[in-house]
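Student: Let me see the structure of the following:
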Amino acid sequence: MSNHGYETGRLNLPFVGIATFGKRPYIEDWSKIEADVAILGAPFDGGTQYRPGARFGPRAVREASTLFSFGHAGAYDHEDDATYLPASVRIVDMGDADIIHTDTVGSHNGIEAGVRAALKAGALPVTIGGDHSINIPCINAFDDQGDIHILQIDAHLDFVDERHGVRNGHGNPMRRAAEKDYVTGLTQLGIRNVSSTAKEGYEDARKMGSDILSVRQCRDLGPEALSKRIPAKSRVYITIDIDAFCPSIAPGTGTPSHGGFLYYDVLELLQQVAKNHDIVGIDLVEVAPNYDPTDSTAILAAQVLLNLLGFIFHERQT
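Tutor: Residues are numbered from 1 along each chain as shown. From the prediction side, this is the model:
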C-alpha cells in the first residue's frame, strides 16, 4: 500500500483554496507557533532605490509555492533517492509582518517582531521580502541567539554605509550586519558588474570579514569548494536576493543584473551548505512580480526555498 498520502484527506489541488506557503497551516497567533519552520512575509519595499514592487513578493511567492503542494508526505527526488519535507517537518505560515507605508523604522520593527516570535518558538525563521532592507530587522532579531555567519547570494554587495542620509535601505543591509558583534563574517557570492557599492565599500567589507566572489569565480570553484569557504561549524544565516540569478530566468526584480547564477549553480551550493553547516535563518528578497508576466521568478523563488528547507531537514533527520 502506498503511503504518499494522495488517497487520504481533501484533494486540495494547487489552484484551490488559500495560498499559504506550500499550502501549510496559517498561524495568526504568533504566541502559539508549534513548528520546525515559520514562514513570515515582509512586504516592504520602501528601501528601494530604483524599481519598486517587491512589496508584492511575499504574496506572489506564496501563490507560486502552491505548485509544489501535491500530496501530503513530502516530495521524492530520484537523483538523490530521498524524500524531502515529509509530514514530520512541521511548516507553518505566520502571515505578514505589520508594515506601515513610508515608515521604514516602524515596518522594520514589525518584521523584527515576527522573526523574534519564530525564534522564541524554536522554529527556523524564513522571511520572504520585500526589498533587501528587510534583512536588517531579520539580523537584529538574532541579537540573543549566539554567533552567526551570513551567506549572501546576490548580484550586489549591499555594503553602503550611508548615502543621502539613508542607512537602512536595500543597499545597506550587509554593512549593518557586519557591524554586529555576533556576526562573525560574511560570504558574499554572485557579486558582479556595476555595483551599488563603491570601491571603498568593497575595501571596508573585506576589512570587516567579508569573502567576496563573483559568479564566474564561484563556477570556477564549484559548490563543494564554495561551501568550504564558510568557516567550519559556523551557524549560518542565508540571505538570497533573487537578482543573484540571471534575469533570463528571473526577470521579476527591481535591479536585474545579467550574467547571474542559473538554477543548479545555487541549488547545488545550498545543498552543500546544508550538509556542512547549521542553518539558523533564511530570507529571500527582491521578487517584484509585476515585471514578470510569466510568474517564473516567483516560481523559482518558491522552488529554491522549498528545496533548501528539504535539504536542511533531510540532514537533520539523517
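Student: would you say residue 34 is within a helix?
Tutor: No: the assignment for residue 34 is coil, going by DSSP: H, G, I helix; E, B strand; the rest coil, so no helix is present there.
Student: Pull the contacting residues for it.
Tutor: When the contact criterion is CB atoms under 8 Å, 6 or more residues apart in numbering, the partners of residue 34 are 90, 92, 121. Quick note: C-beta positions are derived from backbone N, CA and C, even for glycine.
Student: buried subset of the residues you listed?
Tutor: Among those, those buried by neighbour count (16 or more other CB atoms under 10 Å) are 92, 121.
Student: would you turn the contacts of residue 34 into CSV with secondary structure?
Tutor: Listed next are the contacts of residue 34 as CSV, based on three-state DSSP:
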residue, secondary structure
90, coil
92, strand
121, coil
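Student: next one: phi and psi at the residue nearest to residue 69 when sequence neighbours are not counted?
Tutor: Nearest non-adjacent residue to residue 69, counting by CB to CB, 6 or more residues apart in numbering: residue 23, 3.8 Å away. Torsion angles at residue 23 (phi, psi; degrees, to the nearest 10) stand at phi 60, psi 30.
Student: From residue 10, how far out is residue 23?
Tutor: According to CB to CB, to the nearest Å, residue 23 and residue 10 sit 10 Å apart.
Student: more crowded one of those two?
Tutor: Remark: of residue 23 and residue 10, residue 23 carries more neighbours, 21 against 8, as counted by other CB atoms under 10 Å.
Student: Hmm, the more buried one is touching residue 12, no?
Tutor: Yes: between residue 23 and residue 12 there is a contact at 6.2 Å, judged by CB atoms under 8 Å.
Student: So for the two, which residues contact both of them?
Tutor: Common neighbours of residue 23 and residue 12 (criterion: CB under 8 Å, 6+ apart): residue 69.
Student: pLDDT on the helix or strand where residue 269 lies, on average?
Tutor: In the assignment (DSSP states H and E), residue 269 maps to helix 263-276. Throughout helix 263-276, pLDDT has a mean value of 98.
Student: For the helix or strand bottoming out on mean pLDDT in the chain, which strands pair with it and how are they oriented?
Tutor: Using mean pLDDT, DSSP states H and E, the weakest-scoring helix or strand in the chain turns out to be strand 75-77, at a mean of 90. According to DSSP bridges, strand 75-77 has the following sheet partners: strand 82-84 (antiparallel).
Student: Please enumerate residues in contact with the partner strand?
Tutor: Contact with strand 82-84 is made by 73, 74, 75, 76, 77, 306, 307, 309, 310, 311, 313, 314, as judged by CB under 8 Å, 6+ apart.
Student: Looks like residue 49 contacts residue 170 (just checking).
Tutor: Yes: contact criterion CB under 8 Å: residue 49 and residue 170 qualify, at 6.8 Å.
Student: Neighbour count for these two, which is higher?
Tutor: Comparing residue 49 with residue 170 by other CB under 10 Å, the one with more neighbours is residue 170, at 31 against 16.
Student: residues in contact with that one?
Tutor: Contact analysis of residue 170 by CB under 8 Å, 6+ apart lists 47, 48, 49, 131, 132, 133, 158, 285, 286.
Student: What of residue 203?
Tutor: With contact set as CB under 8 Å, 6+ apart, residue 203 has no partners.
Student: just how off-centre is the helix or strand where it lies within its chain?
Tutor: Here residue 203 sits within helix 199-207, counting by DSSP H and E. Distance of helix 199-207 from its chain centroid, counting by CA atoms, centre = their mean, to the nearest Å, is 24 Å.
Student: Give me the next element, helix or strand, following that helix.
Tutor: Sequence order places strand 210-213 as the next helix or strand after helix 199-207, per DSSP H and E.
Student: The stretch 1-150 of the chain: helices as residue ranges?
Tutor: Here the stretch 1-150 of the chain has its helices, by DSSP state H, counting those that start in this stretch, at 57-65, 104-120, 135-140.
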